[in-house]
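S.K.: How does the following fold in three dimensions:
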Amino acid sequence: MAGPPLLGLQVAFYLYPCGLFAALLTSQSIVYYRSRQNECHDNGNDAPDAKAVAGIRRFYSRLIRVSQLALVVLFVPSIVLVMVQGVSSDTQDGNSNFSFSTFLAAHVGVLLYFLAGLLPDPDGPWTPTEAHCHAWVTAICIETVVAAVFATERKAIGLPATLLDRLVALGLARVLVFVVMIGLILRRHYAVRSLLSESTAGEREGLLENGNSSQPEGQKGARPGTREGGWLAYIAGFRLLFPYLWPKDSVLYQVIVALCVVLLACQRFVNVMVPLQLGILVNSLGYGHIPYRDIAIYVGLRALQGAGVLGSARDVLWIPVEQSLFRRLSCAAFEHVLGLSLDFHLSKKLGEVTSALSRGTAINGFLESFLFNVFPMVFDIFVAGVVFFVKYDVFYTIIVFFIMWSYIFLTIYMAKFRARQRRDMATKSREMDAARTDAIMAYETVQHNCAVQAETGRFRGYVLTYQKAQRLVTLSLNALNLTQSTIFSIGTASLVALSAYKISIGQQTVPEFVTLIAYFQQLQSPLFYFGTWYNYLQNSLIEAERMLDLFKETSGVVERPNASKLANPKGEVEFKDVKFSYQTKSQTAPAIKGISFNVTPGTKTAIVGESGSGKSTCLKLLFRFYDVDDGAISVDGHDIRDLTLDSLRRSIGVVPQDTVLFNASIMYNLRYASETAAEADVHEACKAANIHDRIMEFPDKYDTIVGERGLKLSGGERQRVAIARAILKDARILLLDEATASLDSHTEKLIQDALERVTFGRTTITIAHRLSTITNSDQIVVLHKGDIIERGTHSELLDLGGKYHAMWEKQTTAEKEKTEKAADGVQEPE
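M.R.: Residues are numbered from 1 along each chain as shown. Okay, here's the model as predicted:
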């Protein structure tokens with residue numbers, strides 16, 4: 001039995017590859033989260049010259065790569081020496097306390113680790129970090145322990161002294177290389193800090209003078225999260241979605257998830273037993289004997305395997321959990337988008353937003369594929385390695401691990417190259433969808449301008465661009481498939497050749513050969529689909545990034561935690577030195593420049609002015625689509641920022657300039673403001689808006705479908721439906737944003753009479769270009785470039801002879817000329 005030193009030696013072998021990965025991942029996690037915290041305090045003013053830093057990093061990275069190549073060269077002789085000694089011990093029946101299999105498995109794993117580091121990084125120039133340095137420190141500790149045991153426990157180990165001397169020398173040489181690599185990391189660190197200290201003063205002075213960022217061009221706009229930080233960044237970025245992934249509100253769904261995990265564990269056990277039972281069955285076959293029991297067990301295990309009883313049961317159980325996840329995630333994203341500011345919706349393309357909202361399926365697919373395909377496959381490979389380690393020769397274990405690890409690594413490695421292509425294809429696909437959606441939504445505009453051919457040509461350009469990106473993705477996929485097939489062929493050839501050799505010298509039986517090949521083929525099947533699964537995972541993450549971006553969007557209007565409800569509103573509105581600017585990418589455009597006016601309850605106020613004077617902005621600020629930059633807007637003496645959004649907006653009825661209706665019935669659109677409104681109330685509101693008689697003329701009356709955006713109705717009909725909807729809302733404050741702009745003069749007079757009755761007793765703020773519709777207002781506010789230049793009643797402003805008087809004269813003259821032409825039989829062009 002091996003003593004404590006030899007037992008510690010075996011533990012050191014096991015810890016070698018595992019310790020490297022553990023140290024690297026742990027350190028990367030710590031460094032990543034620490035860097036995210038530092039970003040919050042880093043304003044970029046201390047950045048040294050980007051090119052100089054890049055040059056320093058590139059120089060030291062090359063030196064470290066050379067050192068890694070030296071490590072690979074030093075690992076190969078150790079593996080070969082121990083392998084030769086292990087074969088010699090087997091053929092000569094030699095006795096040794098040394099674990100050849102453990103040594104070979106550990107050192108082959110470490111060799112693969114450093115071989116992977118020699119490959120070019122798909123994400124850009126490879127730069128070792130302090131996380132790699134921590135892994136190298138771990139390697140030094142393990143190499144030192146191994147060398148010390150080799151040097152002090154020669155007799156207990158039982159290997160030739162010459163072999164032990166060579167292994168110790170190779171181990172110490174590797175320690176020396178690790179020390180050199182750590183020294184290079186430290187030297188690079190001080191070189192960058194030195195450059196930083198030399199450039200800080202000049203950098204800061206330049207920044208203060210011109211305000212430009214010193215961030216390298218290629219890094220501008222980069223944010224940690226879903227793309228730049230690898231899998232750690234993916235996990236950190238998607239943490240916003242984690243609360244929606246676990247059915248915390250349903251005990252039943254939690255039990256179902258637990259059952260699915262149990263079934264998944266049973267499947268793993270069955271996967272181990274099937275090839276072992278096949279070997280037992282083959283061994284029990286013979287002339288004059290039928291092993292019914294072994295056959296029954298094998299058939300039963302095969303029935304449970306894969307997509308059999310266990311897999312089907314798990315898939316069926318998972319259906320409600322999957323649907324629950326999709327429902328919760330999609331509804332949460334939809335609610336989040338509806339809660340975003342008006343500025344977001346005005347700056348985003350509708351096609352892109354709707355496309356991003358549909359990506360809840362991608363999250364579902366990612367979770368299902370990872371939980372039930374990728375993770376079980378990796379676990380099965382690990383178990384297979386343990387089985388081969390215990391039941392078969394160490395070389396089988398090494399071959400299986402080498403083939404499987406190479407397959408998985410190369411799949412992931414090549415997928416990194418393909419990720420950029422797939423992301424580009426996804427972007428081109430969204431652009432193509434957005435162009436198509438925009439053209440279809442603007443159908444009338446396209447037809448009015450005879451632009452069918454132009455839109456088709458533009459769309460064809462998007463399609464060709466998308467197909468070019470798609471072609472690159474397809475070509476790279478075939479290259480990946482060819483690589484995977486080649487790896488499998490090498491693995492099969494190695495296992496068959498080694499097994500045939502073992503059988504020929506009497507060290508292995510045919511049933512063991514059958515078990516071995518069956519087990520390897522069983523692993524090969526899920527690995528064959530690993531590329532598909534991994535690609536699906538990548539695609540799902542890329543697609544889900546759009547939904548994640550939506551969740552990261554924050555509204556510019558945020559309700560305060562202690563906001564109060566506006567109870568029993570009277571309708572008093574006051575603007576107090578309000579200032580506001582629309583924030584654009586190129587400049588800050590002033591819209592309101594410190595205006596103040598008061599609207600007493602139950603009165604009518606009109607706001608007039610030329611286009612761009614700030615009229616509609618006043619209404620948007622009152623409805624709190626935006627928050628003021630300075631000053632305050634109050635309702636009944638309460639700053640609207642201190643009120644809940646829902647109570648504020650419920651007290652305000654709006655008739656917009658451009659009415660958009662849902663593609664549903666007229667009754668649905670009318671009751672949208674008050675779902676509980678009785679049919680009689682709807683009819684009364686429509687009569688007040690002078691639209692009831694027109695609706696009754698339709699074949700389906702109030703059940704008439706209005707079409708997309710209400711385009712089956714005329715502009716005047718849509719506007720009157722909006723007025724009726726505002727009446728049904730029964731709000732104390734009524735905002736009319738050019739409510740009669742789309743009506744003819746006859747209907748306008750009827751609507752004015754109706755509005756006169758409807759607005760009685762309500763606070764009404766009206767925006768109008770037709771001054772004839774606001775002559776009976778209690779006050780008229782005249783805006784010019786964001787300033788109030790005149791204020792008063794209609795007669796007072798006419799007597800003043802200012803801007804309003806000029807506007808009135810211009811409109812009345814135009815109306816008089818139009819009337820005279822109509823009397824003379826001259827028809828005005830529409």
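S.K.: mind listing the strands for the chain?
M.R.: Remark: strands assigned in the chain by DSSP state E are 573-583, 588-599, 604-608, 630-635, 638-639, 652-655, 733-737, 763-767, 779-784, 787-792.
S.K.: mind checking how far the fifth one is from the chain centre?
M.R.: So the one you mean is strand 638-639. 38 Å (C-alpha atoms, centre = their mean, to the nearest Å).
S.K.: do the same with the longest one
M.R.: The gap between where strand 588-599 is centred and where its chain is centred comes out at 39 Å by C-alpha atoms, centre = their mean.
S.K.: Please apply the same query to the last one.
M.R.: A distance of 49 Å separates the C-alpha centroid of strand 787-792 from that of its chain, computed with C-alpha atoms, centre = their mean.
S.K.: Quick check: neighbours of that strand in the sheet, parallel or antiparallel?
M.R.: Sheet pairing of strand 787-792 (DSSP bridges) gives strand 779-784 (antiparallel).
S.K.: Kindly reformat the strands of the chain as a markdown table containing mean pLDDT and mean neighbour count.
M.R.: For the C-beta atoms, the positions are set from N, CA and C on the backbone; glycine is no exception. As requested, the strands of the chain are arranged in a markdown table below (pLDDT from 0 to 100; neighbours: other C-beta atoms under 10 Å):
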| stretch | mean pLDDT | mean neighbour count |
| --- | --- | --- |
| strand 573-583 | 87 | 18 |
| strand 588-599 | 82 | 17 |
| strand 604-608 | 89 | 23 |
| strand 630-635 | 89 | 18 |
| strand 638-639 | 88 | 16 |
| strand 652-655 | 84 | 24 |
| strand 733-737 | 85 | 24 |
| strand 763-767 | 88 | 23 |
| strand 779-784 | 89 | 22 |
| strand 787-792 | 89 | 16 |
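S.K.: tell me the domain ranges of the chain?
M.R.: Following automatic domain parsing, one finds the domains of the chain at 1-214, 573-796.
S.K.: Would you reformat the ones you listed as a markdown table and include distance to Tyr462?
M.R.: Shown next, in a markdown table, are the domains of the chain (distance: least, C-beta to C-beta, whole Å):
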| stretch | distance to Tyr462 |
| --- | --- |
| domain 1-214 | 28 |
| domain 573-796 | 22 |
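S.K.: lowest-confidence stretch among those?
M.R.: Lowest mean pLDDT within those: domain 1-214, a mean of 74.
S.K.: Report the distance from it to the chain centre.
M.R.: 33 Å.
S.K.: Just to check, Leu798 is in contact with Tyr804?
M.R.: Yes: the criterion here is C-beta atoms under 8 Å, and Leu798 meets it with Tyr804 at 7.2 Å.
S.K.: returning to what we had before: closest to Asp438 out of the domains of the chain?
M.R.: Among these, the nearest to Asp438 by C-beta to C-beta is domain 573-796 (13.4 Å).
S.K.: From start to finish, how long is that closest one in a straight line?
M.R.: Counting by C-alpha to C-alpha, to the nearest Å, you get 22 Å between the two ends of domain 573-796.
S.K.: before we move on, the earlier item: and the domains of the chain, which is most packed in?
M.R.: Among the domains of the chain, the stretch with the highest mean neighbour count (mean count of other C-beta atoms under 10 Å) is domain 573-796, at a mean of 18.
S.K.: sorry, back to before: I'd like to know which of the strands of the chain is closest to Phe114.
M.R.: Per C-beta to C-beta, nearest to Phe114 of the strands of the chain: strand 573-583, 51.0 Å.
S.K.: What is that closest one packed up against?
M.R.: In terms of contacts (3 or more C-beta pairs under 8 Å, 6 or more residues apart in numbering; DSSP states H and E), strand 573-583 is packed against strand 588-599, helix 615-622, strand 630-635.
S.K.: how distant is the lengthiest helix in the chain from the center of its chain?
M.R.: If you go by DSSP state H, the chain has its longest helix at helix 452-504. Taking C-alpha atoms, centre = their mean, one finds the center of helix 452-504 at 26 Å from the center of the full chain.
S.K.: residues near the residue nearest to Thr515 when sequence neighbours are not counted, how many?
M.R.: Nearest in space to Thr515, with sequence neighbours left out and distances taken as C-beta to C-beta, 6 or more residues apart in numbering, is Gly279 at 3.2 Å. Gly279 is flanked by 21 other residues according to other C-beta atoms under 10 Å.
S.K.: what about Gly279, distance to Leu734?
M.R.: Gly279 is 84 Å from Leu734, where distance means C-beta to C-beta, to the nearest Å.
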